[in-house]
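Undergrad: Task: produce atomic coordinates for the following.
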Amino acid sequence: MDMIESMTVGVLATNCYLLLCDNTHESLIIDPGFSVEEANAVLEKIRRSRAKVKYIVNTHGHFDHISGNSLLKDALKAEILIHKDDACMLTDPHRNLSYMLGLAISSPKPDRLLEDGEKIEVGELQLIVMHTPGHTEGSISLYWEAENAVFTGDTLFAGSVGRTDLPGASLQKLLKSLNDRLLKLPDETIVYPGHGGKTTIGRERRTNPFLNL
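TA: Numbering: from 1, shown residues only. Here you go, the predicted model:
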């Protein structure tokens, strides 16, 4: 059985996900927002799972989702993937907002720029890139149809949605992403958000007070 392992990391309690193809042990990491102090624990968890990390995928370019990119790339030689509209945020502490906390977090440049509808494959595992702008211009969600799962970054949370009061954000675009893209997924789809606990599309459709239904 393919594996999804969640680790809560960093100063803003970001959900970092390890996805592993059980047959090949090829894997990818979503949103490694961990600190230098947490790096050894994350790497040890990867080693214990015998994961061969092929990709580091950022759902968007904010510092709390990219701060571990450099450490992981150095240690594992994995490729960094991000949507083309957020690529400039990786290397710019002002654009990735780390400067707001007095930090200067940056990442290596991306190895691959993602676009809507593109497929990311590791072993027998396949994710479909859904461009879901609003929280940032290049925010993406990653749909794993075989496992009825979607990784929504900071677009959709359990009982809430992503902030739109930050530079580059748009409430209008966020609502369009939610209603035209994420809420089109089956109700049983499990939502793995960038922060907080998991939920389902159906539950959010019924109970999320922020959705413009």
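Undergrad: Can you mark which positions in the helix or strand of the chain with the lowest mean pLDDT are buried?
TA: Least confident helix or strand, the chain: helix 39-48 with a mean of 91, by mean pLDDT, DSSP states H and E. Along helix 39-48, these residues count as buried under the neighbour rule (16 or more other CB atoms under 10 Å): A39, V42, L43, I46. Where you see a C-beta, it was placed from the backbone N, CA and C, and this is true even at glycine.
Undergrad: Quick check: the two most widely separated of these?
TA: Taking CB to CB as the measure, the buried residues of helix 39-48 span a maximum distance of 10.6 Å, between A39 and I46.
Undergrad: so where's the chain uncertain?
TA: Residues of the chain meeting the criterion pLDDT under 70: 1, 212-213.
Undergrad: Centroid-nearest residue for this structure?
TA: Nearest to the geometric centre of the chain sits T59, at 3.4 Å (CA atoms, centre = their mean).
Undergrad: Excluding covalently adjacent residues, which one is nearest to that residue?
TA: Nearest non-adjacent residue to T59, counting by CB to CB, 6 or more residues apart in numbering: G153, 2.8 Å away.
Undergrad: and that neighbour, how many neighbours?
TA: 28 (other CB atoms under 10 Å).
Undergrad: Kindly confirm whether my reading is correct that it touches H135.
TA: Yes. Using CB atoms under 8 Å, G153 makes contact with H135 at a distance of 7.2 Å.
Undergrad: Common neighbours of these two, please.
TA: Residues touching both G153 and H135 (CB atoms under 8 Å, 6 or more residues apart in numbering): H60, G162.
Undergrad: So which residues of the protein form helices?
TA: Taking DSSP state H as the criterion, the chain carries its helices at 39-48, 63-66, 69-76, 171-180, 201-207.
Undergrad: Could you single out the most deeply buried of those helices?
TA: Ranked by mean neighbour count under mean count of other CB atoms under 10 Å, those are led by helix 63-66, which reaches a mean of 28.
Undergrad: pretty sure K54 is in contact with S27, am I right?
TA: Yes. Using CB under 8 Å, K54 is in contact with S27, at 6.8 Å.
Undergrad: what touches both of the two?
TA: With CB under 8 Å, 6+ apart, K54 and S27 have common neighbours V122.
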